[in-house]
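Asks: here is a sequence with its predicted model. Questions after.
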Amino acid sequence: MSNAPYEPVPLIRGFLSYLTDERHFSPCTARCYGVDLRQFVEFVIERHAIKADTAAETRALTAPPSGSSTVTSLIRACDVELLRAYLAVLAEKGYSAASMARKIATLRSFHKWMEKRGHTSSNPMTMIRTPKQPKRLPKAVSVETVERLLAAPDDSDLLGARDRAIFETLYSTGIRVSEVVGINRGDIDVVGETVLIRGKGRKERMIPLSAHALKSLRHYLAMLDASGLSGAADPAKALFVNKHGTRLSSRSVRRKLSKYLGATGLDPEISPHTLRHSFATHLLDNGADLRSVQELLGHQSLSTTQVYTHLSTSRLRESYDRAHPRAEAS
């Protein structure tokens, strides 16, 4: 999709800067917001048959929100009718409930920001409801499956040791793939057996490391230090690096995981996030309390973590039906 319809609109650029500079959203997340807003801008342009002009848009940013046909003025004067027309177009195009909910959430954040900054006197998004979505339980795999995956990398060389340490860390901590690649050398406390994680919104949390993860990390670090890679021992440098000594990307981790899944014949749908789901589910299966799991996962709301309770309960039901002598109906 071309950037042309959205780049000249300083209102949109201002909102995206707010997301990265003040809310500390990742550049990737801000881009996703930008894609959604660009689509809305394109709808406004097409509906009113106008053309975005950089100079006019800049003038409209400080002018009254009505009386002008610039994109900025039309967005500032946006009402419920325009929003419902836009959502109707998306529905006609076959967008799923989840996609619709995301685009509504983007518009809700954008209009709330506009109202707060004085770009509009009212917020029409208060009249728009988010469509209900079917509850989907997160996918988790068995402990045996996780064990097979963790044993897949050959840790006799540096890259294999790195991959084993990555997978062990993901399952030991339940962190996101973006968080694991963001770990620096100095974030690992081998003595305290913890790792410092910088999560969403740059919020930090300290997470304990399992004995297996520590063993893998020690082995990897010893091989990394012996590798001669420039700056490998610098506490501010990336912990998990590629063969050139630069930080691994989230995409690289997913690609490595896919390679090992293929080599072991495991479900190719398993992802780094599957390890996160499995971590939470296995903890709850073994008696961990929900608040602790919430803290470990870095969830702001307990309700986000509660979905794992349902998953754990469903497994408990399966075990009950298999084991209890009077579980089967006669």
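Replies: Arrived safely, thanks for sending.
Asks: quick one, domains of the chain?
Replies: What automatic domain parsing lists as the domains of the chain is 10-127, 143-321.
Asks: quick one: residue 114 and residue 152, what's the gap?
Replies: 50 Å (Cβ to Cβ, to the nearest Å). The way it works is simple: take the backbone N, C-alpha and C, and place the C-beta from them, glycine included.
Asks: more neighbours: which of these two?
Replies: A direct count of neighbours by other Cβ atoms under 10 Å for residue 114 and residue 152 places residue 114 higher, at 22 against 19.
Asks: where's that one, which helix or strand?
Replies: helix 97-116 (DSSP states H and E).
Asks: now do that helix: which elements does it pack against?
Replies: helix 10-21, helix 27-48, helix 80-92 (3 or more Cβ pairs under 8 Å, 6 or more residues apart in numbering; DSSP states H and E).
Asks: can you put those in CSV and add mean pLDDT?
Replies: Formatted as CSV, the helices and strands packed on helix 97-116 follow (pLDDT from 0 to 100):
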stretch, mean pLDDT
helix 10-21, 90
helix 27-48, 89
helix 80-92, 93
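Asks: need the ones you listed in TSV (columns: mean neighbour count and distance to residue 180).
Replies: Conversion of those to TSV gives the following (neighbours: other Cβ atoms under 10 Å; distance: least, Cβ to Cβ, whole Å):
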stretch	mean neighbour count	distance to residue 180
helix 10-21	17	22
helix 27-48	17	15
helix 80-92	14	34
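Asks: these: which one's closest to residue 240?
Replies: The closest of the helices and strands packed on helix 97-116 to residue 240 is helix 27-48. By Cβ to Cβ, the value is 18.2 Å.
Asks: what angle separates the closest one from helix 97-116?
Replies: Relative orientation of helix 27-48 and helix 97-116, computed by axes from the mean of the first three to the mean of the last three Cα atoms, to 10 degrees: 80 degrees.
Asks: starting at the chain centroid, how far to the helix holding residue 114?
Replies: Relative to its chain's centre, helix 97-116 lies at 17 Å (Cα atoms, centre = their mean, to the nearest Å).
Asks: report the mean confidence score over the helix or strand containing residue 72.
Replies: Assigned by DSSP H and E, residue 72 falls within helix 71-76. For helix 71-76, mean pLDDT is 86.
Asks: what is the neighbour count of the closest residue to residue 78 other than its chain neighbours?
Replies: Spatial nearest neighbour of residue 78, excluding adjacent residues (Cβ to Cβ, 6 or more residues apart in numbering): residue 124 at 6.0 Å. By the criterion of other Cβ under 10 Å, residue 124 has 18 neighbours.
Asks: from residue 87, how far out is residue 124?
Replies: 12 Å.
Asks: re earlier: out of the helices and strands packed on helix 97-116, which gets nearest to residue 144?
Replies: Residue 144 sits nearest to helix 27-48 of all the helices and strands packed on helix 97-116, at 33.6 Å, using Cβ to Cβ.
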